[in-house]
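Engineer: build me a model from this:
(one chain, ligands or ions: 1)
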Amino acid sequence: MKAYIFGAGAQGRIVHDILVDSGISADILFIDEDPKLFNKSINGSKVVGDLRYLLRQDPTQAQIHIALGNPILRLRIAEKIKRHGIPLLNVIHPSAVIMETVVLGTGNMIGANVVINSNTKIGNTTIINTAAVVEHDCIIKDGASISPSVLISGRVKVEVGAFICSSAVILPRRTIGEYAVVAAGSVVTKNVEEKTLVMGSPAKVVEKLGKNFDWRRVL
Ligand SMILES: CC(C)(COP(=O)(O)OP(=O)(O)OC[C@H]1O[C@@H](n2cnc3c(N)ncnc32)[C@H](O)[C@@H]1OP(=O)(O)O)[C@@H](O)C(=O)NCCC(=O)NCCS
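Structural biologist: Numbers count the residues shown, from 1 in each chain. Okay, the predicted model is just below:
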């Protein structure tokens, strides 16, 4: 069995090291669209080819994790790979605490020291980064990104592709809209509309995010 990581950048290296820490028995290999990286070793594992290479592999012998910070790209590539029948791999650091009643989809990354409390539902292809806390009865939808040390209080809903930056706090029962961005250190006291950047404590709208929002701003 082979465990592929799509993306040999910073997110890929984090995912790689979580897989190593979790003692995975499969071979770890990187996939990247940059031919300059082919045959290079990243944190001790080889970049073997691009997406076309991956789609030629036997889906019964492969699992893939999409390690891209940009939520739109992450979801798009996950869709393409799923259509080819290659299963998406959850990458979970052994120090994460995930309660028995949590429902977890596929292709998620859950970092070191994360806590996910009772009856929370996590979709697919999310990133729940180092030391984030997701409290009870939350719904975290596909492609959402929860950055290091974020605190999501109980019964919060995080919609598809929303990006919550480091150390933000979301008060209970709030909804963070699709592809919205919550700036680092913000305290969210009201629902956040889709494709909106909020900032500060209490968080206020500072920008409406158009189609051309550059996700590198938050990465
Ligand atoms: C959302 C974010 C990217 C916005 O940054 P930006 O729009 O590029 O902001 P800029 O750096 O251009 O700063 C614009 C102004 O907002 C202020 N500002 C930026 N981020 C702020 C924040 N999180 N809270 C309060 N003020 C902030 C700046 O000081 C600046 O103020 P000034 O005009 O008075 O000098 C940034 O706030 C952020 O959260 N970055 C961290 C992303 C993160 O956590 N990623 C996960 C990494 S693992």
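
Engineer: ramachandran angles for residue 61?
Structural biologist: phi -120, psi 10 (degrees, to the nearest 10).

Engineer: residue contacts, it?
Structural biologist: By C-beta atoms under 8 Å, 6 or more residues apart in numbering, the residues touching residue 61 are 1-2. C-betas here are computed from N, CA, C, even on glycine.

Engineer: now swap in residue 12 and tell me
Structural biologist: Counting by C-beta under 8 Å, 6+ apart, residue 12 has contacts 5-6, 30, 32, 42, 67.

Engineer: make sure I have this right: it is in a strand.
Structural biologist: No - counting by DSSP: H, G, I helix; E, B strand; the rest coil, residue 12 is located in no strand; its state is helix.

Engineer: tell me which parts of the chain are close to the ligand?
Structural biologist: 129, 147-148, 165-166, 181, 183-185, 199-200, 217-218 (C-beta under 6 Å from any ligand atom).

Engineer: and the residue most central in space within the chain, what does it touch?
Structural biologist: Nearest to the mean C-alpha position of the chain, by C-alpha atoms, centre = their mean, lies residue 127 at 2.0 Å. Residue 127 sits next to 11, 69, 108-109, 111, 144-146 when contact means C-beta under 8 Å, 6+ apart.

Engineer: and if we set it to 6 Å?
Structural biologist: In this structure, residue 127 makes contact with 109, 145, judged by C-beta atoms under 6 Å, 6 or more residues apart in numbering.

Engineer: how much space between it and residue 21?
Structural biologist: 17 Å (C-beta to C-beta, to the nearest Å).

Engineer: how about residue 130?
Structural biologist: The separation that residue 130 has from residue 21, given C-beta to C-beta, amounts to 12 Å.

Engineer: so between these two, which is more surrounded?
Structural biologist: Per other C-beta atoms under 10 Å, whichever of residue 130 and residue 21 has more neighbours is residue 130, with 19 against 12.

Engineer: let me know the helix or strand that the more buried one is in.
Structural biologist: In this structure, residue 130 sits in neither a helix nor a strand according to DSSP states H and E.

Engineer: what sits against the residue nearest to residue 32 when sequence neighbours are not counted?
Structural biologist: Counting by C-beta to C-beta, 6 or more residues apart in numbering, residue 8 is the residue found nearest to residue 32 once chain neighbours are left out, at 4.3 Å. Neighbour list for residue 8: 30, 32, 37, 42, 47 [criterion: C-beta under 6 Å, 6+ apart].

Engineer: picking up where we left off before, give me the subset of the contacts of residue 12 lying in strands.
Structural biologist: 5-6, 30, 42 (DSSP state E).

Engineer: of the residues you listed, closest to residue 54?
Structural biologist: Among the ones in strands among the contacts of residue 12, residue 6 lies closest to residue 54 (C-beta to C-beta), at 7.3 Å.

Engineer: what is the burial count for the closest one?
Structural biologist: Neighbours of residue 6 using other C-beta under 10 Å come to 26.

Engineer: repeat for residue 99
Structural biologist: Look at residue 99: counted by other C-beta under 10 Å, it has 12 neighbours.

Engineer: from the ligand, how far off is it?
Structural biologist: According to C-beta to the nearest ligand atom, to the nearest Å, residue 99 stands 24 Å off from the ligand.

Engineer: from residue 55, how far out is that residue?
Structural biologist: From residue 99 to residue 55 the distance is 36 Å (C-beta to C-beta).

Engineer: returning to what we had before: report the beta-bridge partners for the residue nearest to the centre of the chain.
Structural biologist: Note on residue 127: beta-bridge partners by DSSP bridges are residue 109, residue 145.
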